[in-house]
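K.L.:
Show me the folded form of this:
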Amino acid sequence: MTIMPSITRKIWNADFVVDTNVINWALDDREYLRRLIDLLKRMTARPEYGKCWFALTSLIELLQTANPTRRTQLLESLLFVCGHLKNRIQFFAPLQTTLEWEWEDPPTTPTAIVDQIEPAIRKAIATGTLDGTKLEEFRIENLEWRKKQKFNHQANVNEWRKTYQSNPEFRESVNNALENFQSPAGFSSCDDIAAQIIASLPQQPADALTKALDNPSRYRSTWIFSLLVRLSQFAQTIPENVKTRNFSEYGDTLNSHPNDIIDATIAAVSASCGIMITEDECLRERLNLLHDRGLGRTQGFSMDFLANNWYPPNGNRD
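P.N.:
Model prediction:
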C-alpha cells in the first residue's frame, strides 16, 4: 500500500491494528466514527488488503474506565465497529501468551476468542456492569500480569536521572545507546530486557538470546516490547535540556508518559502488523522511528491521515 502525499511509504504487510484511543475518539466525535468505519471497510474490502486487529489489552483499557456510563458507551462503540467488519476483525491475545507462542517452533500468532468476547460485551452493555462476564476475568488477569511485570515504567525515575547527571560512565552508555539506536546495535541496547522476557517463558530455548539477536525478525514481539520499554526509560532518564541540545532529532519519541508500558504492550502483540491507527502522536513517532531504523515492521498513522491518503494497490480511490 502507498501512503501519500506528505509521506510516501510502502506498506508491504497490510494487516493493521486499531489503538485504544481510536475508540475513545470515535465515541466523542460522530463524524470521526463515520470516517473510521469507512476507512476500516476500505482497508479490509478484499482479503489481500489485510485484516483489522484489536488488542485484548486495548479492550481491557476500555474496561478500566472509571465512569460506568462512559465504559458502557465505549463498549457500544467497539461493538459497532466490530459489527461493520464482522469476520474481518480479530483480537490479539495478551502479551505473555503472545511471547510464549512466539518462541514456539514454529511460531504462532495467538488470538483471543471472539465468540467469547462479543457475548460478554453485549451482556456488560445490557447490565451496565462487568460482574459475571468474561470481561471481568480479562480485567483481573491483566491486573495480575501487571503486578508480575519486571518492567515498571515509573520505577526509580528520580534515581536514573540523578545517576545520569552524576555518573559519567552511566551517562556515556545512555548517550551512546541513543546515538546508535538503529539496527543492529539497537537490539543490543535492550538485550537485558529481552533476556528477562526469555526468563519468563515456561521453557527457555538453548542460546535463546543469541538466536533472538541473530534473527530479530523471527522474534518481533520480544524486540518491540524491549525496544519501546528501553526508549521510554531513556525518555525518563535524560534531562529535558539534554534532550533538546543533544537529541533533538528524536523529537516526541523522548517524551515520557505514564501509559508507556501499555503502549509497548499493544505494539508488541501487534508487531506483525504493517500499520497501527493511533491518535497518540508519541507512539506514532516511536513506531516510525523503529521502522525507519530497521528495528520494527509497524508504522503509525492517525485515522485522519489514513482516511485521506490510503488507497488500494490499483490506485482506485472510490
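K.L.:
so who does the closest residue to Arg88 other than its chain neighbours touch?
P.N.:
The spatial neighbour of Arg88 that comes closest, neighbours along the chain excluded (Cβ to Cβ, 6 or more residues apart in numbering), is Thr44 at 4.1 Å. No exception for glycine: its C-beta is placed from N, CA and C like everyone else's. Counting by Cβ atoms under 8 Å, 6 or more residues apart in numbering, Thr44 touches 50-52, 85, 88-89.
K.L.:
cool, and Ile121?
P.N.:
Applying Cβ under 8 Å, 6+ apart to Ile121 gives the contacts 75, 78-79, 135.
K.L.:
6 Å - rerun?
P.N.:
Residues near Ile121 by Cβ atoms under 6 Å, 6 or more residues apart in numbering: 75, 79.
K.L.:
if we can go back for a sec, inside helices: which ones of the contacts of Thr44?
P.N.:
Of the contacts of Thr44, the ones assigned to helices by DSSP state H are Leu85.
K.L.:
So which of the contacts of Thr44 are in strands?
P.N.:
Under the assignment DSSP state E, those contribute 52, 89 to strands.
K.L.:
Compare the contacts of Thr44 and tell me which is most surrounded.
P.N.:
When neighbours are counted by other Cβ atoms under 10 Å, Cys52 leads the contacts of Thr44 with 24 neighbours.
K.L.:
mind listing the strands in the stretch 151-300 of the chain by residue range?
P.N.:
In the stretch 151-300 of the chain, the strands defined using DSSP state E, counting those that start in this stretch lie at 275-277, 299-301.
K.L.:
got CSV for the ones you listed, with mean neighbour count, distance to Asp207 and mean pLDDT too?
P.N.:
Formatted as CSV, the strands of the stretch 151-300 of the chain follow (neighbours: other Cβ atoms under 10 Å; distance: least, Cβ to Cβ, whole Å; pLDDT from 0 to 100):
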stretch, mean neighbour count, distance to Asp207, mean pLDDT
strand 275-277, 27, 32, 97
strand 299-301, 23, 32, 95
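K.L.:
Need these in CSV (columns: distance to Thr210).
P.N.:
Output for those, formatted as CSV (distance: least, Cβ to Cβ, whole Å):
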stretch, distance to Thr210
strand 275-277, 30
strand 299-301, 29
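K.L.:
what about those, which gets the closest to Gln204?
P.N.:
Ranking these by proximity to Gln204 (Cβ to Cβ) places strand 275-277 first, at 29.6 Å.
K.L.:
Pull up the pairing partners for the closest one, direction included.
P.N.:
strand 16-18 (parallel), strand 299-301 (parallel) (DSSP bridges).
K.L.:
Now do it: distance to the chain's middle.
P.N.:
With Cα atoms, centre = their mean, to the nearest Å as the basis, strand 275-277 stands 9 Å off its chain's centre.
K.L.:
Tell me where the model's unsure across the stretch 151-300 of the chain.
P.N.:
151-156 (pLDDT under 70).
K.L.:
mind listing the helices for it?
P.N.:
Ranges of helices in the stretch 151-300 of the chain, per DSSP state H, counting those that start in this stretch, are 157-166, 168-179, 185-188, 191-199, 208-214, 220-237, 240-246, 260-269, 281-292.
K.L.:
what about Ala126, neighbour count?
P.N.:
If we define neighbours as other Cβ under 10 Å, then Ala126 has 9 of them.
K.L.:
returning to that earlier point: quickly note the distance from the residue nearest to Arg88 to Ile261.
P.N.:
Plainly put, Thr44 is 30 Å away from Ile261 if you go by Cβ to Cβ, to the nearest Å.
K.L.:
can you count the residues close to Phe305?
P.N.:
Applying other Cβ under 10 Å, we find 15 residues neighbouring Phe305.
K.L.:
what's the closest non-adjacent residue to Met43?
P.N.:
What sits nearest to Met43 in space, not counting adjacent residues and going by Cβ to Cβ, 6+ apart, is Tyr49, at 5.8 Å.
K.L.:
I meant to write Ala212 there.
P.N.:
Among residues not flanking Ala212 along the chain, Tyr219 sits closest, at 4.7 Å (Cβ to Cβ, 6+ apart).
K.L.:
Please apply the same query to Leu213.
P.N.:
Nearest to Leu213 is Phe187, by Cβ to Cβ, 6+ apart, at 5.8 Å.
K.L.:
Make sure that neighbour is actually in contact with Asp214.
P.N.:
No - with contact defined as Cβ atoms under 6 Å, Phe187 does not reach Asp214; the gap is 9.8 Å.
K.L.:
neighbour-wise, which of these two wins?
P.N.:
The neighbour comparison of Phe187 against Asp214 (other Cβ under 10 Å) goes to Phe187, with 21 against 11.
K.L.:
ok, Leu56 to Phe234 distance?
P.N.:
28 Å.
K.L.:
ah, wrong one, I meant Thr44
P.N.:
Thr44 sits at a distance of 36 Å from Phe234 (criterion: Cβ to Cβ).
K.L.:
quick one: which helix or strand includes Thr65?
P.N.:
Here Thr65, judged by DSSP states H and E, is contained in no helix and no strand.
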